[in-house]
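In: I'll drop the sequence and a predicted model, then ask my questions.
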Amino acid sequence: MNMSNIVVFALGSGAAGIACALLNAGGVLRRSAGSPDVQAVAKAIQEGTGAFVKRQYLAVAVVGSLLALALTKLGAWTANGFIAGVVASALAGYVGLAVSVRAEARIADAAGAGLGAALSTAFRSGTAMGLLVAGLALSAVAGYYALALSMGTPDDVHGGLLGLALGGSLMSVFARTVGGVWAKAVGGFSRQEADEAAAVGESVGANAGHAAGTAADVFETITLALVAAMLLARSVFGADSPWVEFPLLVAGLVLAASLAGACFVRLGRSRYLVGALYRSVVVTMILAGVGLYYASEWFLGLPAAQPAFSVLNLFSAACTGLVLAGLNIAAAEYHTSKSFGFARRIAAASRGGPATNVVAGLAAGLKSTGWSIAILCAAFLGPYSLGGGFSGHEGTGLFAVGLAAVAMASLGGVMVAIDGYGIAAEAAHRIAETAGLPDEVRQATASLDAAGRATRPVVQGYAVGAGGLAMLALFAEYSKCFSVPLALNLSDPVVLTGLFAGGLMPYLLGSVSLGAVGSVSGETGRRADAAMRAAFKRTLILVLVPLTVPLLVGFGGGREALGGMLVGAIVTGLFQAFAMSSGGGAWDSARRYIEDGMYGGSDSEAHRAALTGDRVGTACKEAAGSALNPLIKLMGLVSVLIAPLLA
């Protein structure tokens, strides 16, 4: 098999990411696990997390086997790609989570040597998860593409890549929806237990419901963005064009830059932890931008590359994804940080009781959608213009959007690293408190925990934005699947019906997620295993609906109805996801702002109201809002898969 230089580079970059992840994991695991008291609490967290993961992976195996059997009707490459996507995503989540839960005791122990040592240990554990997710995603797409290209037909390549992305999407839906619901159920009963049980329950919920969910979500977004951009290139330039592989070059460069960026997280003189974490993102963006310029120049010099862009336009289109990722991060920080007005207004409203707190939080979430959607629109319009979309070259314009989505999604390595750091630091602080470690150790872990909580909603905002841009690129590919151009005429009742059906889906699925949180918590009491079983039963609809609704709409109403459904689901789903994620983050920050001493501090009526709002916000943010993105992407992938049958 003769692979191109770009595929070899992508595979090498992916392998380097995986190797670096394993090196970081080894460095963490070589540290001392602490005293027997620390190890006892950590072991309970590991056992609880492991029990959930085993049950979740069993459920995925059952559903995945049935889907793989059904996908054989579309070809062996599609079915095998689906299996490969599920396995790669599951492997990334399992190994990353295994490192994270074992790092938590080691972070608490490292805090005895100072804040710098604890930060290094915590971020290395997060880096192990982040680089493993990005490395496996890139390796899976590049490897399966090369295999299908050498042994199959062009249709096999198309179906195989879509199957691969669908496999990652299924894993993401399970991790986000089931994990989120069960995590909130566990958190609900653990608060009523003794201190150690509370620490274990909260940490298990965060590991299973948030850390694993974010990893699977970002894995899905990277694969989806790559597959959408590569398939767009096939539609626009032809199956034999080197442009099909250019997205792999973009992703490989951003991942390589992430390896360097992760090395820049260290405690400076200011001892500002959040700034130290964000430094890795800034360095990654700068290095990736430099690499993309020279890569664009080199690629356009290839004899077989059609001159569809100038060097500056190609470089700018890809870099737009990096720049707008930075803007998305800044917007999420503004909407959720306790340093800004959204969270502070919720805190002030808490003086009037739980009702005014909840109303203020809802208002903050709704208002936050403005900047987030504006940034997403710029992420679409900017590259489309640079690709000549407004000058009559619609195909190259849409492909440029796909490149921006790839660049933005490929930052997932460092973003998951920051998120993984936060989850591990939060658990380490609980372990330090439960085990009764010295005051200076608990102060260090508290500082790490505060930084992690501050960055968590920002990472979630990034995940929603990157997933939204990838979904727009996938919709562009759907519109290119037909020989006759797709026309979504809003005066056509079939299109309008599809539009309303798609717009309904995020509301319906969000309702099921929130309802499952309340029902599971109420019915399970203190039995974690019962909560786990109930979570799987009550969220099964969240897997079935995105799989079946596109089939019903597509075969019942045709390609226009299905296109309308996708538009409706994307629009309402993104608005809801941004509102719930930002609102939930602002609720959490408002509570922490009061705990810092404002409005009477922790023993005040305002704090009790803020706790109520935080419960609502956490359910919105981690069980419903975070689940909407994977559900929409799953609907989109099913739609593109069946598109050839609707032509």
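Out: Received it, and whenever you're ready, just let me know what you need.
In: Just the endpoints, please. Distance across stretch 376-396?
Out: End-to-end distance for stretch 376-396, by CA to CA, to the nearest Å: 19 Å.
In: Just the buried positions in that stretch, please.
Out: Neighbour-count burial for stretch 376-396, counted by 16 or more other CB atoms under 10 Å, picks out 376, 379-380, 382-389, 393-396. C-beta coordinates here come from the backbone N, C-alpha and C atoms, glycine included.
In: Could you list which of those residues belong to helices?
Out: 376, 379-380, 382-386, 394-396 (DSSP state H).
In: Quick check: the two most widely separated of the buried residues of stretch 376-396?
Out: Using CB to CB, these span at most 22.4 Å, a distance reached by 376 and 393.
In: about what we covered before: turn the ones in helices among the buried residues of stretch 376-396 into TSV, including pLDDT.
Out: Formatted as TSV, these follow (pLDDT from 0 to 100):
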residue	pLDDT
376	90
379	89
380	90
382	93
383	94
384	94
385	94
386	93
394	89
395	90
396	93
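In: Could you pull up the mean pLDDT of the longest helix along the chain?
Out: Identified as the longest helix of the chain according to DSSP H is helix 439-479. For helix 439-479, the mean per-residue pLDDT is 89.
In: same check, this time on stretch 58-67
Out: The average pLDDT for stretch 58-67 rounds to 88.
In: For it, which outside residues touch it?
Out: With contact meaning CB atoms under 8 Å, 6 or more residues apart in numbering, stretch 58-67 is reached by 82-83, 86, 90, 166-167, 170-171, 174, 178, 536, 543, 547.
In: Just the residues you listed: which are in helices?
Out: 82-83, 86, 90, 166-167, 170-171, 536, 543, 547.
In: mind listing the strands for the stretch 251-400 of the chain?
Out: In the stretch 251-400 of the chain, no strands are found when defined by DSSP state E, counting those that start in this stretch.
In: which residues in it form helices?
Out: 273-300, 311-336, 341-349, 354-386, 394-410 (DSSP state H, counting those that start in this stretch).
In: before we move on, back to that, let me know the closest of the contacts of stretch 58-67 to residue 638.
Out: Using CB to CB, the contacts of stretch 58-67 come closest to residue 638 at residue 547, 6.1 Å.
In: Now the closest one. Nearest residue, chain neighbours left out?
Out: residue 638 (6.1 Å; CB to CB, 6 or more residues apart in numbering).
In: wait, that neighbour sits on residue 543?
Out: No: between residue 638 and residue 543 there is no contact under CB atoms under 8 Å: 11.7 Å.
In: and the gap between the residue located most distally from the centre of the chain and residue 242?
Out: Checked against the mean C-alpha position of the chain, the extreme residue using CA atoms, centre = their mean is residue 303, at a distance of 37.4 Å. Taking CB to CB, to the nearest Å as the measure, residue 303 falls 9 Å from residue 242.
In: cool, and residue 125?
Out: 39 Å.
In: One more: residue 335?
Out: Residue 335 is 41 Å from residue 242, by CB to CB.
In: Between the two, point out the one with more neighbours.
Out: residue 335 (30 against 18; other CB atoms under 10 Å).
In: Now for the closest residue to residue 542 other than its chain neighbours: which residues touch it?
Out: Counting by CB to CB, 6+ apart, the nearest residue to residue 542 once its immediate chain neighbours are dropped is residue 177, at 4.4 Å. Contact partners of residue 177, counting by CB under 8 Å, 6+ apart, are 513, 539, 542-543, 623, 627, 630-631.
In: got any ranges where the stretch 501-647 of the chain has weak pLDDT?
Out: For the stretch 501-647 of the chain, the stretches with pLDDT under 70 are 516-539, 647.
In: picking that back up, beyond the longest helix of the chain, next helix or strand please.
Out: helix 493-524 (DSSP states H and E).
In: in the stretch 51-200 of the chain, which segments are predicted with low confidence?
Out: 179-199.
In: and which of the contacts of stretch 58-67 is nearest residue 403?
Out: residue 166 (22.1 Å).
In: if I pick that closest one, what's in contact with it?
Out: Taking CB under 8 Å, 6+ apart as the test, what residue 166 contacts is 67, 71, 81-82, 85, 634, 637-638, 641.
In: if you set the cut-off to 7 Å instead, what comes out?
Out: 82, 85, 637, 641 (CB atoms under 7 Å, 6 or more residues apart in numbering).
In: now swap in residue 368 and tell me
Out: So residue 368 contacts 335, 342, 578-579, 582-583 (CB under 7 Å, 6+ apart).
In: Quick check: the gap between it and residue 604.
Out: 26 Å.
In: got it, and residue 588?
Out: 17 Å.
In: Just want to know which of the two has more residues nearby.
Out: residue 588 (25 against 17).
In: before we move on, which element is the more buried one in?
Out: Judged by DSSP H and E, residue 588 forms part of helix 559-595.
In: now swap in residue 163 and tell me
Out: Residue 163 belongs to helix 154-173, assigned by DSSP H and E.
In: wait, which of the buried residues of stretch 376-396 is closest to residue 360?
Out: Of all these, residue 360 sits closest to residue 376, with 25.1 Å by CB to CB.
In: could you measure that closest one against residue 466, distance?
Out: Counting by CB to CB - residue 376 and residue 466 are separated by 10 Å.
In: Could you do residue 28 as well?
Out: Counting by CB to CB, the gap from residue 28 to residue 466 is 27 Å.
In: How about residue 281?
Out: Taken as CB to CB, the span from residue 281 to residue 466 is 13 Å.
In: ok, the two, which is more surrounded?
Out: Each of residue 281 and residue 466 has its neighbours counted (other CB under 10 Å); residue 466 has more, 32 against 25.
In: Next, the contact list for that one, please.
Out: 221, 325, 408-409.
In: one step back: other SSEs contacting the helix holding residue 588?
Out: helix 311-336, helix 341-349, helix 354-386, helix 439-479, helix 493-524, helix 540-557, helix 605-618, helix 626-646 (3 or more CB pairs under 7 Å, 6 or more residues apart in numbering; DSSP states H and E).
In: ok, how many other residues are close to the closest residue to residue 413 other than its chain neighbours?
Out: Closest residue in space to residue 413, ignoring its immediate chain neighbours: residue 134 at 3.4 Å, by CB to CB, 6+ apart. The criterion is other CB under 10 Å. On that basis, residue 134 has 33 neighbouring residues.
In: which ones are touching residue 134?
Out: 17, 222, 255, 258, 410, 412-413.
In: Looking at these, state which has the most neighbours.
Out: Highest neighbour count within the contacts of residue 134, by other CB under 10 Å: residue 410, with 35 neighbours.
In: Now do the nearest residue to that one once chain neighbours are set aside, the pLDDT please.
Out: Leaving aside its sequence neighbours, residue 410 sits nearest to residue 254 (CB to CB, 6+ apart; 3.6 Å). For residue 254, the pLDDT comes out at 96.
In: how many neighbours does residue 254 have?
Out: Residues near residue 254, counting by other CB under 10 Å: 33.
In: So residue 583 sits against residue 618, correct?
Out: No: in this structure, residue 583 is not within contact of residue 618 by CB atoms under 7 Å, at 10.7 Å.
In: the more surrounded of the two?
Out: Neighbours were counted for residue 583 and for residue 618 using other CB under 10 Å; residue 583 has more, 31 against 24.
In: Quick check: the gap between the more buried one and residue 353.
Out: To residue 353, residue 583 is 18 Å away according to CB to CB.
In: Could you do residue 374 as well?
Out: For residue 374 relative to residue 353 (CB to CB), the value is 34 Å.
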